[in-house]
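Colleague: structure for this input, please:
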Amino acid sequence: MGMPSVPQLLIILVIVVLIFGAKRLKNLGGDLGSAVKGFKQAVKEEETAPTEELEDGTKQANETVMQKTDDQKSV
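Modeller: Model (predicted):
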């Protein structure tokens, strides 16, 4: 048994619409779309957050190196 054919998928779709109703399916689709949008936004925010932390860490490391260099010059 492979994938259902197009007529079989249409029959399944009609049965689902009859059971749940078009309005409920529309609401379900909207909720699913909102969830996907929120997930994509969270992933995008997660990708940008580590680079900001890395840049801050790099600045602190550079300042520390410069301070040690200045201390070594004064000795």
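
Colleague: apart from its chain neighbours, what residue comes closest to Leu25?
Modeller: Val17 (6.5 Å; CB to CB, 6 or more residues apart in numbering). Glycine gets a C-beta too; all of them are placed from N, C-alpha and C.

Colleague: wait, the one you found touches Lys26, no?
Modeller: No. Taking contacts as CB atoms under 8 Å, Val17 lies outside contact range of Lys26: 10.5 Å.

Colleague: where does this structure have low pLDDT?
Modeller: By pLDDT under 70, the weakly predicted segments of the chain are 1, 47-75.

Colleague: pull the residues that contact stretch 9-27.
Modeller: Pro4, Leu28 (CB atoms under 8 Å, 6 or more residues apart in numbering).

Colleague: how about the helices in the protein?
Modeller: With DSSP state H, the ranges of helices along the chain come out as 6-20, 22-74.

Colleague: neighbours of Leu25, how many?
Modeller: 14 (other CB atoms under 10 Å).

Colleague: do you know how far it is from Val36?
Modeller: Between Leu25 and Val36 the computed distance is 16 Å (CB to CB, to the nearest Å).

Colleague: quick one, what contacts Pro4?
Modeller: Ile12.
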